[in-house]
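Trainee: let's see this in three dimensions:
(2 chains)
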Amino acid sequence: MSVVVRFAPSPTGMLHVGGARTAIFNYFFARAHGGRFILRIEDTDTERSKQEYTDEILDSMRWLGLDWDAEPIYQTQRFDLYRSYVRKMLNAGTAYKCWATAAEIDEMRAKAQAEGKKPMYDRRFRDFEGPEPAGPYVVRFKAPLTGTTIVHDLIKGDVSFANEEIDDFVILRSNDAPTYNFTVVVDDVEMGISHVIRGDDHLNNTPKQIMLMNALGMKVPHYAHVPMILGSDKVKLSKRHGAVAVTNYREEGYLPEAMLNALVRLGWARGDQEIFSKADLAAEFKLEGCGSSPSVFDRTKLDHLNNHYIREKSLEELSDLLKLSYGVDLSVLLATPSSRKLFEALRERAVKLTDFASLASWYLDNNFVRDEASMKEIVATTPRDALDALAGKWAALATADFSGPKAFEAIKETANNLKLKIPQLAKPVRVLLTGTLASPDLGIVLEALGRDRALERLRRI
RNA sequence: GUUCCCAUCGUCUAGAGGCCUAGGACACCAGGUUUUCAUCCUGGUAACCGGGGUUCGAAUCCCCGUGGGAACGCCA
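Mentor: Modelled structure (predicted):
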């Protein structure tokens, strides 16, 4: 059977972590099974849907490298199709018009709840006959009253719902717009979707959709409901957990590779493997690897992965990426073997791409800021003649001879001559040259800076 | 409230009845390397929600509790 899957975001907000994970599962399921991955924009809520959100979602998808196989389908352009199906059901008697007002429905729900049942519509117009009342109406599905609907879920197993639990839900609003549960059914079938892979929060909608498909005589696709992603407080991840939009992470300096890897491991595993490339996943992603319990999204793991993928990038790639996406120009570090060594050292410690700017600030800008506390506690307590002696030694070296080992050797000699321990001199030097105690290997720093800049900084107290 | 789902280290997870004195990763802690921080290396702390079954044997199967989550809309 040919595999066709879809990712169906509604453009009422940015692509968030949960949606991205669903998209990722769909995408790799399609790739691993030689199937198609289609995008469907569920914009039937014309009040809240915005083009800018659609643009943002597509942009995030591209950033993650999730390319789709056909032009996205917009539900608002298919209203005629949905309405034709509504008419079909009206004619077949599997749907009916309902004139109940909002107030009446609220009353019914309250009543049902008081009786210990789910809040439900009481089907008062289900068998209504005679002259149609004036005023607006909705179209409701004539849901089966008895029996059981079973969802054969590829992740959860068989889940059964008593049909009496499901009310005659609305399929066409009074403004003539079809509702979600209806458009999904029409589209999933019309688009030939073979596997519906979506969030667990839709599991309760699935029996409704299956019922509709049965009423329409349609073939039911396979379903797979992936567990929710939770915040650290264990409730469904949402805006109040802080950064949840994929774009936020991109702006913060995360790599798409890291995001992808982190997200795919949420609710999915393949033995003990932790690192997954796009190619790995496209080859071996299987629904069988999906777990069934929800998972907490952990930023520290993402940080670790991000550092991992930053280290895998070449200096050239990094430089381009930094300039293009973050406006940080480190191309000067590409120039010489010495500066490249420094760049490599920085790459090792950068957790986010945005870290590079501060990591390299002392190198890029001669007016870099020195840490005041370190200046006071370390530099100020260092004998001035030691620094002067060191300056003399450095000055005696030819510019071309100012290699890391030689420049550092000068520090050692000076320290020894003055009966200082090496760190006693190395630390203040580090602060003077880089402004902080946390910088790459001093040899690398010295060589990258070169004799004259190093000397100038050493003397500038 | 009702329905449905879920339950292994702090977190992500491996585990499909004996391979489990429960493995890996992140985080954390300690030691080593080092001129600092970090990296790197080595080691360590840390979990099968509880109770009943089934079985020679259960983290794994069943039941009941408990806890958590989701859904119940003319939102999607």
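
Trainee: isn't A:S295 right up against A:L266?
Mentor: Yes - when contacts are counted by CB atoms under 8 Å, A:S295 is listed as touching A:L266 (4.7 Å). To be clear about C-beta, it is placed using only N, CA and C from the backbone, and glycine gets the same treatment.

Trainee: which neighbours do those two share?
Mentor: Common contacts of A:S295 and A:L266 (CB atoms under 8 Å, 6 or more residues apart in numbering): A:I229.

Trainee: between those two, which has more neighbouring residues?
Mentor: Remark: of A:S295 and A:L266, A:L266 carries more neighbours, 24 against 18, as counted by other CB atoms under 10 Å.

Trainee: that one and RNA strand B: what is the separation?
Mentor: Per CB to the nearest atom of the strand, to the nearest Å, A:L266 is found 5 Å from RNA strand B.

Trainee: which residues does that residue contact?
Mentor: A:21, A:229, A:295, A:297.

Trainee: what's the spacing between the third one and A:N261?
Mentor: If you measure A:S295 against A:N261 using CB to CB, to the nearest Å, the figure is 14 Å.

Trainee: how about residues contacting the least confident helix or strand in chain A by mean pLDDT?
Mentor: When each helix and strand of chain A is scored by mean pLDDT, DSSP states H and E, helix A:372-374 comes last, with a mean of 88. Helix A:372-374 is contacted from outside by A:431, A:435-437, using CB under 8 Å, 6+ apart.

Trainee: now stretch A:342-354
Mentor: With CB under 8 Å, 6+ apart as the criterion, stretch A:342-354 contacts A:252-255, A:303, A:306-307, A:310-311, A:313, A:315, A:318-319, A:321-322, A:325-326, A:328, A:330, A:333-334, A:355-356, A:359-360, A:363, A:440-441, A:444-445, A:447-448.

Trainee: average pLDDT for it?
Mentor: Averaging pLDDT along stretch A:342-354 yields 96.

Trainee: what do you get for stretch A:216-235?
Mentor: Rounded mean pLDDT across stretch A:216-235 is 93.

Trainee: buried residues, that stretch. List them.
Mentor: Across stretch A:216-235, burial judged by 16 or more other CB atoms under 10 Å covers A:218, A:220-231.

Trainee: mind checking the end-to-end distance for that stretch?
Mentor: 37 Å (CA to CA, to the nearest Å).

Trainee: does RNA strand B have contacts with that stretch?
Mentor: Yes - judged by CB under 7 Å from any atom of the strand, stretch A:216-235 comes into contact with RNA strand B through A:227-228, A:230, A:234-235.

Trainee: and the helix or strand harbouring A:L58, C-alpha only, in PDB?
Mentor: Assigned by DSSP states H and E, A:L58 falls within helix A:51-64. What follows is helix A:51-64, C-alpha atoms only, in PDB (Å, rounded to 0.1, in the frame of the first residue of the first chain):
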ATOM      1  CA  GLN A  51      -1.500  34.400   6.500                       C
ATOM      2  CA  GLU A  52       1.500  35.500   8.500                       C
ATOM      3  CA  TYR A  53       1.200  32.400  10.700                       C
ATOM      4  CA  THR A  54       1.100  30.200   7.600                       C
ATOM      5  CA  ASP A  55       4.200  31.900   6.300                       C
ATOM      6  CA  GLU A  56       5.900  31.400   9.700                       C
ATOM      7  CA  ILE A  57       4.900  27.800   9.900                       C
ATOM      8  CA  LEU A  58       6.200  27.000   6.400                       C
ATOM      9  CA  ASP A  59       9.400  28.900   7.200                       C
ATOM     10  CA  SER A  60      10.000  26.800  10.300                       C
ATOM     11  CA  MET A  61       9.300  23.700   8.300                       C
ATOM     12  CA  ARG A  62      11.900  24.700   5.800                       C
ATOM     13  CA  TRP A  63      14.400  25.500   8.500                       C
ATOM     14  CA  LEU A  64      13.900  22.100  10.000                       C
END
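
Trainee: for it, packing partners?
Mentor: Other helices and strands packing on helix A:51-64, by 3 or more CB pairs under 8 Å, 6 or more residues apart in numbering; DSSP states H and E, are helix A:17-32, strand A:36-41, helix A:246-252, helix A:256-264.

Trainee: deepest-packed of these, please.
Mentor: Of all the helices and strands packed on helix A:51-64, helix A:17-32 has the most neighbours on average by mean count of other CB atoms under 10 Å, namely a mean of 24.

Trainee: from the residues of stretch A:216-235 next to RNA strand B, which land in strands?
Mentor: A:L230 (DSSP state E).

Trainee: mind picking the two most distant members of the residues of stretch A:216-235 next to RNA strand B?
Mentor: Greatest spacing in these, by CB to CB: A:P227 and A:V235 (13.4 Å).

Trainee: if we can go back for a sec, any chance of the contacts of helix A:372-374 in TSV, with pLDDT and secondary structure too?
Mentor: Shown next, in TSV, are the contacts of helix A:372-374 (pLDDT from 0 to 100; DSSP: H, G, I helix; E, B strand; the rest coil):
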residue	pLDDT	secondary structure
A:V431	94	helix
A:G435	93	coil
A:T436	91	coil
A:L437	89	coil
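
Trainee: got a PyMOL select line for the buried ones in those residues?
Mentor: PyMOL command restricting the contacts of helix A:372-374 to the buried ones, with burial defined by 16+ other CB under 10 Å:
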select buried, chain A and resi 431+435+436
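
Trainee: which of the contacts of helix A:372-374 sits closest to RNA strand B?
Mentor: Checking the contacts of helix A:372-374 against RNA strand B by CB to the nearest atom of the strand gives A:L437 as the nearest, at 4.3 Å.
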